[in-house]
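>>> Sequence and predicted model, in that order:
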Amino acid sequence: MALPTKSALIPNIQRDVDARGGILSIVDEPVKNVSIITCTAGAIRSNHYHHTDWHLMYVLEGQIDYFFRDIDTSEIKYIRVGKGDNIFTPPKELHATHFPVQTVLIVSSKNPRDQETYEKDTVRETLVDAGNLREMLARYS
């Protein structure tokens, strides 16, 4: 499967199920980093875009209010991401995440996650913050 050009939920691939259990593939692309990220209830993260990096965020527990837009447009979109969902974030797409409940993610990234590489590829821009969160949820969710 080719990766999409816009943020989207990605189907997980059930590889095998038998009496021993199952194998569910959540990333089928070459990656340079896999991280487990914990997010406290009410936290807002991201508010950035990447020049070249992309990532897949698989929700182990909790949920995400995921806001995004192309860096060349003003049209904001929203996806509610829940436990077992896997969302893809492409390069050059501003994204912000709100965690209404305690959430744990597995994040797989194209680029390495060392601070120098990450900072060179990341542009910070506020899309969602404490001041506009209620309005954003009312408008887009």
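In hand now; what should we look at?
>>> Helices of this structure, start to end?
Shown for the chain, the helices assigned by DSSP state H span residues 115-121, 133-140.
>>> Which one of these lies nearest to Ile26?
Across those, Ile26 has its closest neighbour in helix 115-121 (21.6 Å, C-beta to C-beta). For the C-beta atoms, the positions are set from N, CA and C on the backbone; glycine is no exception.
>>> buried set for that closest one?
Under the neighbour-count criterion of 16 or more other C-beta atoms under 10 Å, helix 115-121 has 117-118, 121 buried.
>>> Stretch 73-84 now?
Buried residues in stretch 73-84, counted by 16+ other C-beta under 10 Å: 76, 79, 81.
>>> what's the answer for stretch 97-109, then?
Counting neighbours by 16+ other C-beta under 10 Å, one finds that the buried residues in stretch 97-109 are 97-100, 103, 105-109.
>>> which of the residues you listed lies closest to Pro91?
Out of the buried residues of stretch 97-109, the member with the shortest distance to Pro91 (by C-beta to C-beta) is Ser109, at 11.1 Å.
>>> Write down the beta-bridge partners of the residue nearest the centre of the chain, one by one.
Closest to where the C-alpha atoms of the chain average out (C-alpha atoms, centre = their mean) is Met57, at 4.4 Å. On the basis of DSSP bridges, Met57 is bridged to Ile87, Val107.
>>> Export the buried residues of helix 115-121 to TSV and append columns for pLDDT and distance to Asp72.
Below are the buried residues of helix 115-121 laid out as TSV (pLDDT from 0 to 100; distance: C-beta to C-beta, whole Å):
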residue	pLDDT	distance to Asp72
Thr117	95	24
Tyr118	94	23
Asp121	98	18
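>>> Between these, which sits nearest Gly62?
Tyr118 (23.2 Å).
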